[in-house]
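*Asks:* Sequence and computational prediction follow.
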Amino acid sequence: MTKRHFDVTSGNTLRCRGWRQEGLLRLLENVLSVAEDPENLVVYAALGKAARDWPSHDVIVQTLKTMRDDETLIVQSGKPIGVVRTHERALIVVMANCNMIGQWAKAEEFYQLEKKGLICWGGLTAGDWQYIGSQGVIQGTYEIFRCIAERHFSSNLSGKLILTSGLGGMGGAQPLAGRLAGAVILCVEMDGARINKRIEAGYLQHRAETLDEALKLVADAQRAGNGCSIGLLGNSADILPEIHARGIVPAIVTDQTSAHDLVYGYLPAGLSAAEIQALRESEPEKLAALSMKSIARHVQAMLDFQSAGSIVFDNGNLIRTQAKKAGIGNAFDIPIFTEAYLRPLFARAIGPFRWIALSNDENDIRRIDDYLLETFSDNPSVVNWITLARAHVPFEGLPARIAWLGHDARTQVGLAVNGMVRDGILAGPVAFTRDHLDAGAMAHPNIMTENMKDGSDAIADWPLLNAMLACSSQADLVAIHSGGGGYAGYMTSEVSQSSPTAPAMRMSVCKLR
Ligand code: NAD
């Protein structure tokens with residue numbers, strides 16, 4: 001088999017007929033360059049893939065290289081299906097990933113279809129090529145910690161302990177988010193390689209092999225009042241009950257293991273990595289049952305911390321849903337992060353918006369940072385975030401930035417960046433993307449739309465409308481994803497758009513009236 005390289009392309013030499021196609025090709029290369037398991041096309045979240053298989057990937061790359069502006073590539077669950085003649089203002093890529101029908105949308109059905117090569121799960125930002133490494137969720141996690149600090153700790157997390165698990169593609173943002181919020185954050189992780197990866201990427205400071213060693217680092221940092229991050233090698237289903245038994249009450253407890261997936265994601269306690277891999281192949285049902293048992297212990301410990309006074313929340317990995325199935329009847333006493341902390345922002349059409357320097361020149365992102373600091377100088381949350389991010393958040397892959405902005409601000413930034421590209425202030429075009437964590441972009445009764453005031457939790461019309469609107473607003477790529485119903489259980493829409501070198505406004509943002 002040919003050895004694959006996972007590099008990003010720099011500079012302004014086009015391999016495609018235009019920047020719109022070239023931009024999407026660079027985004028595809030970028031998600032693989034920062035992926036957790038690029039050889040298997042897995043970007044993050046255990047199974048979230050950039051393409052269905054390598055032949056599909058290679059055809060997508062070849063097609064992007066030859067497509068004209070008046071053509072649209074159709075991608076179905078990571079497989080290129082065909083190119084149709086559309087028109088010059090139409091999308092370059094239209095995608096649908098992992099959408100399954102009602103009563104058939106179950107994890108077992110998904111695994112069968114996946115094995116037959118008929119479907120692939122695109123995660124949320126993997127399948128549509130907009131993942132930018134752990135930075136993608138860092139501001140969201142940071143804003144949640146800040147909101148908890150404001151509500152419960154007089155806006156001060158100094159000396160406070162955050163206990164969490166999972167240092168994967170998304171969870172890897174937690175240690176830096178916690179440290180930026182001023183807390184001491186302890187992250188339990190089963191896979192030593194992931195701990196090392198986050199240290200190398202600059203997202204995590206310390207690695208501990210034992211609980212005693214970790215708690216000493218925690219105590220030292222708490223005494224000094226410094227923000228600090230520690231990765232502890234171990235299984236959360238063992239470690240969390242042990243911390244509780246020792247009478248330690250963290251200020252905040254959450255989790256980012258891949259609990260949505262009982263076979264490829266969550267790792268049950270008491271088994272080695274080799275034993276888990278063997279069970280995955282020989283007895284996946286047995287492995288799923290063991291994961292359920294461990295999740296029950298893990299969530300019981302989270303509930304025990306809650307009873308002892310910790311602020312506990314679910315960070316969108318379905319751990320409560322699994323625990324409830326495993327017999328923890330009050331798992332939903334733990335609130336979901338969206339309802340508890342972020343919904344007021346969505347209600348004002350504020351959400352994460354990211355921009356990626358296709359030139360691979362870090363200065364492009366710094367120049368846009370300068371623009372934001374100057375233009376939004378009266379918006380403390382933008383100034384605070386951009387100041388922190390430029391000082392502390394390392395780039396992974398193509399230089400990129402994410403910031404929570406409202407729709408008007410997005411339009412303003414998009415137009416300004418178009419001008420900077422046109423005037424040669426930036427080294428190259430910039431891709432803007434908007435994911436599912438946004439107003440009307442995701443329906444999931446256990447994540448985004450839990451406890452909607454009007455009871456509309458399970459209605460998936462909004463992300464579909466959102467996607468159709470984005471298609472008619474000149475986006476370059478629009479994707480409709482689902483988690484295969486029972487597999488991860490949601491419906492989302494995602495959008496990407498390159499800022500062209502021409503002055504014309506081609507942003508895919510819409511103003512709310
Ligand atoms: P990932 O698969 O890349 O990483 C998960 C990590 O958890 C792995 O490193 C694994 O070794 C570790 N792990 C699994 N079981 C463990 C256990 N019992 N004890 C200790 N460590 C264990 O996943 P990811 O991309 O980091 O995503 C994590 C979860 O968060 C997923 O369920 C994902 O869907 C969800 N998610 C939420 C948001 C959000 O906005 N809140 C965003 C993205 C992803």
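*Replies:* Alright, I've got the coordinates.
*Asks:* pLDDT score assigned to Val495?
*Replies:* We have a pLDDT of 68 for Val495.
*Asks:* ok, and the closest non-adjacent residue to the residue of the stretch 1-150 of the chain found nearest the ligand?
*Replies:* Nearest residue of the stretch 1-150 of the chain to the ligand, counting by C-beta to the nearest ligand atom: Tyr44, 3.4 Å away. (Each C-beta comes from the backbone N, C-alpha and C, glycine too.) Distance criterion C-beta to C-beta, 6 or more residues apart in numbering; nearest residue to Tyr44, sequence neighbours excluded, is Gly169 at 2.5 Å.
*Asks:* From what I see, the one you found and Val137 are in contact.
*Replies:* No. Look at Gly169 against Val137 with C-beta atoms under 8 Å: they stay out of range, at 9.1 Å.
*Asks:* can you list the residues of the stretch 351-500 of the chain near the ligand?
*Replies:* Leu437 (C-beta under 6 Å from any ligand atom).
*Asks:* Just the element for the residue of the stretch 351-500 of the chain at minimum distance from the ligand, please.
*Replies:* At 5.5 Å from the ligand, Leu437 is the closest residue in the stretch 351-500 of the chain, using C-beta to the nearest ligand atom. Assigned by DSSP states H and E, Leu437 falls within no helix or strand.
*Asks:* What's the separation between it and Ala296?
*Replies:* As for Leu437, its distance to Ala296 is 28 Å (criterion: C-beta to C-beta, to the nearest Å).
*Asks:* Which one's more surrounded, these two?
*Replies:* A count of neighbours by other C-beta atoms under 10 Å puts Leu437 above the other of Leu437 and Ala296, at 24 against 19.
*Asks:* how about the more buried one, what does it touch?
*Replies:* Leu124, Gly140, Leu342, Gly351, Pro352, Met448 (C-beta atoms under 8 Å, 6 or more residues apart in numbering).
*Asks:* Surely Asp361 touches Pro399?
*Replies:* Yes. At 7.0 Å, Asp361 counts as touching Pro399 under the criterion of C-beta under 8 Å.
*Asks:* Where does the prediction get shaky in this protein?
*Replies:* Per-residue confidence for the chain (pLDDT under 70) gives these ranges: 1-2, 484-513.
*Asks:* what packs against the helix or strand where Arg410 lies?
*Replies:* Here Arg410 sits within helix 407-422, counting by DSSP H and E. Using 3 or more C-beta pairs under 8 Å, 6 or more residues apart in numbering; DSSP states H and E, the elements in contact with helix 407-422 are strand 350-357, helix 362-375, strand 430-434, strand 491-499.
*Asks:* one more time with 6 Å
*Replies:* strand 491-499 (3 or more C-beta pairs under 6 Å, 6 or more residues apart in numbering; DSSP states H and E).
*Asks:* so where does the residue of the stretch 51-200 of the chain found nearest the ligand fall, helix or strand?
*Replies:* The minimum distance from the stretch 51-200 of the chain to the ligand, using C-beta to the nearest ligand atom, falls at Gly168 (1.7 Å). Applying DSSP H and E as the criterion places Gly168 outside every helix and strand.
*Asks:* count of residues packed around it?
*Replies:* 22.
*Asks:* Phi, psi for it please.
*Replies:* Here is the backbone geometry of Gly168 (degrees, to the nearest 10): phi -80, psi -160.
*Asks:* now swap in Gly102 and tell me
*Replies:* According to degrees, to the nearest 10, Gly102 has phi 0, psi -100.
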